[in-house]
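K.L.:
Have a look at this fold, sequence not included:
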């Protein structure tokens with residue numbers, strides 16, 4: 001333990017010594033002084049980027065609770081990375097997070113304690129002044145402890161802890177203030193972030209296991225048994241579960257991943273069952289599909305999962321299934337992503353069904369089927385981020401009706417089209433999309449009306465919103 005303390009002290013002294021050598025005497029005097037020359041706009045939202053790591057201060061897992069952790073993450077400019085300065089007088093501010101409406105605080109005066117958020121009050125542990133550093137950067141100095149906000153142990157990793165330490169003006173204590181825009185009152189939390197929206201709200205809604213008892217599973221055998229039970233249940237997955245084949249999920253199940261939960265080598269199949277929720281899991285290296293929904297399965301919500309490096313579909317929906325929402329998922333290092341309707345010859349079972357909402361998903365270099373649609377009408381594809389999709393984004397075929405709305409397409413030459421392979425064209429209506437180095441897409445035909453209410457984010461903001469929130473590990477469940 002003594003050796004660790006000595007190493008940390010050596011690093012602190014080295015950082016301080018480097019600063020003293022590099023900066024002229026006049027600037028050193030400014031950094032030590034209690035006054036703060038930095039000027040901020042209290043009506044604006046800011047992102048704070050650490051000079052050492054290049055990553056942004058982040059409200060971890062989009063928490064809205066007191067005690068929610070403040071960490072760092074790759075800059076995406078999502079609401080969980082935006083902060084507003086609230087003037088509390090005498091040169092001090094609260095740092096109010098745009099997503100949660102709560103303010104940054106410290107628990108005590110100790111070096112190394114993790115910074116969290118809390119409901120605003122008059123507590124001086126919530127008060128911060130700005131001290132100037134080099135290159136226009138600032139340090140945040142706490143009123144209670146007189147210590148500086150920093151990234152602990154100079155971490156450059158996503159999830160690095162934001163803490164406090166004696167003010168030595170190291171690069172890990174320097175922050176760039178990046179102003180995003182005005183607005184004196186933070187907007188309400190976006191309802192699409194953690195709440196159910198879309199087709200899965202219809203037909204009586206989707207509640208999964210509801211208030212049923214919770215079972216935590218850590219092995220393939222325990223997971224298989226819990227999923228296949230005919231009783232309603234909330235199932236928590238912990239750790240990495242290695243498995244093979246397809247595990248059947250029966251009706252009235254909520255499946256939640258604890259932090260880092262991973263399903264490796266197998267997938268889930270919902271075959272004729274209903275009322276299933278799957279959230280916050282990482283799927284990789286599956287041998288068939290990661291999630292297969294078929295045989296008139298209804299009311300399924302697939303939310304905030306991460307998919308990579310599987311054999312076939314990440315989320316395939318077929319054979320008369322209906323009333324499904326696929327939201328806030330990330331797919332990368334994968335080819336065939338999301339198939340809706342498996343065959344041109346299955347009209348008798350599929351027409352009038354296969355109604356799905358795809359929103360706020362991140363198709364990150366996924367090659368095709370984002371989604372590929374047969375027969376379903378209306379299928380709603382909105383507020384998704386398509387980045388570096390080299391095959392195609394959305395395909396509407398076999399008289400389907402697809403509304404492609406408010407999406408952000410970047411480096412995607414073929415964002416959407418009608419028809420695919422031997423499948424004839426479907427209707428495709430596109431509106432309010434944003435294109436960066438991408439094609440313009442192909443439209444035509446008509447789409448039935450959307451029956452549910454939803455909030456459409458501005459397409460130009462979708463990249464930052466989705467990269468800041470999509471995938472496993474970005475919500476608290």
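P.N.:
That came through, no problem. Just so we're clear, the structure is a prediction, and the values are computed from it rather than from any experiment.
K.L.:
rest of the way, CA atoms for contacts and neighbours
P.N.:
Will do.
K.L.:
how about the helices of the protein, start to end?
P.N.:
2-22, 25-32, 220-228, 347-350, 462-469 (DSSP state H).
K.L.:
Can you flag the weakest of those by average pLDDT?
P.N.:
Sorting those by mean pLDDT places helix 25-32 lowest, at a mean of 31.
K.L.:
And stretch 161-173, how far out from the chain middle?
P.N.:
27 Å (CA atoms, centre = their mean, to the nearest Å).
K.L.:
Any idea how far apart the tips of that stretch sit?
P.N.:
12 Å (CA to CA, to the nearest Å).
K.L.:
now swap in stretch 382-392 and tell me
P.N.:
Note: stretch 382-392 ends 16 Å apart using CA to CA.
K.L.:
Please work out the average pLDDT along that stretch.
P.N.:
Rounded mean pLDDT across stretch 382-392 is 97.
K.L.:
ditto for stretch 141-157
P.N.:
Mean pLDDT, stretch 141-157: 94.
K.L.:
What of stretch 329-345?
P.N.:
97.
K.L.:
List the buried residues of that stretch.
P.N.:
Across stretch 329-345, burial judged by 16 or more other CA atoms under 10 Å covers 329-332, 334-342.
K.L.:
What of stretch 439-458?
P.N.:
For stretch 439-458, using 16+ other CA under 10 Å, the buried residues are 440-443, 446-447, 457.
K.L.:
of those residues, closest to residue 355?
P.N.:
The closest of the buried residues of stretch 439-458 to residue 355 turns out to be residue 447 (CA to CA; 11.9 Å).
K.L.:
Pretty sure the closest one sits against residue 429.
P.N.:
Yes. Applying CA atoms under 8 Å as the test, residue 447 and residue 429 come out as touching, 6.7 Å apart.
K.L.:
Mind listing the shared neighbours of these two?
P.N.:
401-403 (CA atoms under 8 Å, 6 or more residues apart in numbering).
K.L.:
Export those residues as a markdown table, with columns for distance to residue 71.
P.N.:
Listed next are the shared contacts of residue 447 and residue 429 as a markdown table, based on distance: CA to CA, whole Å:
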| residue | distance to residue 71 |
| --- | --- |
| 401 | 42 |
| 402 | 39 |
| 403 | 37 |
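K.L.:
Narrow those residues to those in strands?
P.N.:
Among the shared contacts of residue 447 and residue 429, the ones falling in strands (DSSP state E) are 401-403.
K.L.:
Of those residues, which is the most crowded?
P.N.:
Counting neighbours by other CA atoms under 10 Å, residue 402 leads these with 35 neighbours.
K.L.:
For that residue, give me its contacts.
P.N.:
373, 376-381, 396, 426-429, 447.
K.L.:
Would you reformat those residues as a markdown table and include distance to residue 237?
P.N.:
What follows is the contacts of residue 402, written out as a markdown table (distance: CA to CA, whole Å):
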| residue | distance to residue 237 |
| --- | --- |
| 373 | 31 |
| 376 | 32 |
| 377 | 34 |
| 378 | 34 |
| 379 | 31 |
| 380 | 30 |
| 381 | 29 |
| 396 | 35 |
| 426 | 39 |
| 427 | 40 |
| 428 | 38 |
| 429 | 39 |
| 447 | 39 |
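K.L.:
Return the closest of those with respect to residue 346.
P.N.:
Once CA to CA is applied, the member of the contacts of residue 402 that ends up nearest residue 346 is residue 376, at 11.6 Å.
K.L.:
ok, the closest one - contacts?
P.N.:
340-341, 350-356, 400-402.
K.L.:
May I have the phi/psi pair for it?
P.N.:
Main-chain dihedrals, residue 376, degrees, to the nearest 10: phi -60, psi 140.
K.L.:
ok, now how distant is it from residue 357?
P.N.:
11 Å.
K.L.:
number of nearby residues for residue 89?
P.N.:
Quick note: residue 89 (other CA under 10 Å) scores 8 neighbours.
K.L.:
Low-confidence ranges, the stretch 1-150 of the chain, go.
P.N.:
1-38 (pLDDT under 70).
K.L.:
you'd agree residue 175 is up against residue 141?
P.N.:
No. When contacts are counted by CA under 8 Å, residue 175 is not listed as touching residue 141 (11.7 Å).
K.L.:
Mind checking which of these two has more residues around it?
P.N.:
More neighbours surround residue 175 than the other of residue 175 and residue 141, with 28 against 25 (other CA under 10 Å).
K.L.:
contacting residues around that one?
P.N.:
48-51, 137-139.
K.L.:
Just flag the most distant two among those residues.
P.N.:
49 and 139 (11.3 Å).
K.L.:
export the contacts of residue 376 to TSV and tack on distance to residue 245?
P.N.:
Formatted as TSV, the contacts of residue 376 follow (distance: CA to CA, whole Å):
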residue	distance to residue 245
340	21
341	21
350	26
351	29
352	31
353	27
354	25
355	27
356	25
400	31
401	33
402	32
